[in-house]
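**Q** the following comprises the amino acid sequence and a computationally predicted model.
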Amino acid sequence: MVEIIQAIILSIIQGITEWFPISSSGHLALIQHLFGFQNLSYDVFLHFASIFAVIFVFKKEIIKIFNLKNKENWRYFSYLLIALIPAIIVGFVFKDTIENLFSNTIYLGIFFIFSGIIIYSTKFAKQKKEKPNLFDSLIIGIFQAIAIFPGISRSGMTISSGLFRGISKEQAIKFSFFLAIPIILGASILELNNITEVNYFVLLISFIITLLVSIITIKLLIKIIKSDKFYLFGIYNILLGIIILSWTSLM
């Protein structure tokens, strides 16, 4: 049973960690270890709430993309669809295996460190073009699929891979956030029917807090990336991963 205080804490954590490249799934799993409960469906609901923040912040750009009469928009939309394929395949094939990893803090620590190394490496990325092409979208999609594992940041992987491919900071951010919408909505549809242990008042409070915190976090992240400080999140992930592994070894 998710209590109101737990819900508030988890909602704030989700709103921050879903968009900052520090893995919301990893942080929620870690906090739930401390609270002593596991509720993957509730985690998915929090992700669902955070998606509305993307729609709010980028509403004009999203509406523009769906104007498929424009060839450029159609091409961009097709790139998003291609980037979704790897994550869909990995999600369906390894769903049960991935869910089991959430309860293992050793894997959690390893994945945080892995994510941190990738993100820190963006410090050396150089812009070579403005927008992604077909091959870029496939590479970003593969990195997004890797982020299904707990402790590996989805936004961290997609933004990092976009920067590695030489895409502009602004386009890497947008492509990453637009990709999140169908991925998280799809996972939500599969899991929302399983939320049986959380009352509606707690869900409402969780939704509102997650939405508001997510909007603030997205706007702050955009500023951080444009100021070339994105790589610093890699240091945080690496240190957290080391702390988790050290803590696990002492248990």
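**A** Arrived safely, thanks for sending. Since we're looking at a predicted model, the values are computed, not measured. Numbering: from 1, shown residues only.
**Q** show me where the protein has its helices.
**A** Using DSSP state H, the helices of the chain run over residues 4-17, 24-35, 40-57, 59-65, 71-93, 95-101, 105-120, 134-146, 154-164, 169-191, 200-226, 232-250.
**Q** make TSV out of these and add distance to residue 128.
**A** Quick note: C-beta positions are derived from backbone N, CA and C, even for glycine. Compiled in TSV, those are given as follows (distance: least, Cβ to Cβ, whole Å):
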stretch	distance to residue 128
helix 4-17	30
helix 24-35	30
helix 40-57	26
helix 59-65	22
helix 71-93	17
helix 95-101	34
helix 105-120	19
helix 134-146	10
helix 154-164	10
helix 169-191	12
helix 200-226	17
helix 232-250	21
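**Q** just put the ones you listed in TSV and tack on mean pLDDT.
**A** Shown next, in TSV, are the helices of the chain (pLDDT from 0 to 100):
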stretch	mean pLDDT
helix 4-17	87
helix 24-35	77
helix 40-57	83
helix 59-65	88
helix 71-93	90
helix 95-101	70
helix 105-120	94
helix 134-146	95
helix 154-164	95
helix 169-191	85
helix 200-226	92
helix 232-250	93
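**Q** would you point to the one among those helices that's packed deepest?
**A** Across the helices of the chain, averaging neighbours per residue (mean count of other Cβ atoms under 10 Å) puts helix 154-164 on top, at a mean of 26.
**Q** that helix packs against which elements?
**A** helix 105-120, helix 134-146, helix 169-191 (3 or more Cβ pairs under 8 Å, 6 or more residues apart in numbering; DSSP states H and E).
**Q** and these: which comes nearest residue 70?
**A** Closest of those to residue 70 is helix 169-191, at 15.9 Å (criterion: Cβ to Cβ).
**Q** out of the helices and strands packed on helix 154-164, flag the one nearest residue 19.
**A** Of the helices and strands packed on helix 154-164, the one closest to residue 19 (Cβ to Cβ) turns out to be helix 169-191, at 7.9 Å.
**Q** tell me the gap between the closest one and the middle of its chain.
**A** Helix 169-191 sits 8 Å away from the centroid of its parent chain (Cα atoms, centre = their mean, to the nearest Å).
**Q** residues contacting the closest residue to residue 151 other than its chain neighbours?
**A** Closest residue to residue 151 apart from its sequence neighbours, by Cβ to Cβ, 6 or more residues apart in numbering: residue 111 at 3.1 Å. Counting by Cβ atoms under 8 Å, 6 or more residues apart in numbering, residue 111 touches 23, 26, 149, 150, 151, 152, 241.
**Q** spatially, which two of these are the most separated?
**A** That would be 149 and 241, which, of the contacts of residue 111, are the farthest apart (Cβ to Cβ) at 12.7 Å.
**Q** hang on, the earlier thing: pick the one among the contacts of residue 111 closest to residue 77.
**A** Lowest distance from residue 77 to the contacts of residue 111 (Cβ to Cβ) belongs to residue 152, with 26.3 Å.
**Q** can you get me the start-to-end distance on stretch 28-43?
**A** Stretch 28-43 stretches 7 Å from its first residue to its last (Cα to Cα, to the nearest Å).
**Q** residues contacting the most centrally placed residue in the chain?
**A** Per Cα atoms, centre = their mean, the C-alpha nearest to the average position across the chain is that of residue 154, at 3.6 Å. Neighbouring residues of residue 154 by Cβ under 8 Å, 6+ apart: 18, 23, 24, 144, 147, 176, 180, 183.
**Q** related to what we said a few turns ago, let's have the helices and strands packed on helix 154-164 in CSV, adding distance to residue 82.
**A** Below are the helices and strands packed on helix 154-164 laid out as CSV (distance: least, Cβ to Cβ, whole Å):
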stretch, distance to residue 82
helix 105-120, 21
helix 134-146, 5
helix 169-191, 11
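**Q** which of these sits closest to residue 10?
**A** The closest of the helices and strands packed on helix 154-164 to residue 10 is helix 169-191. By Cβ to Cβ, the value is 15.4 Å.
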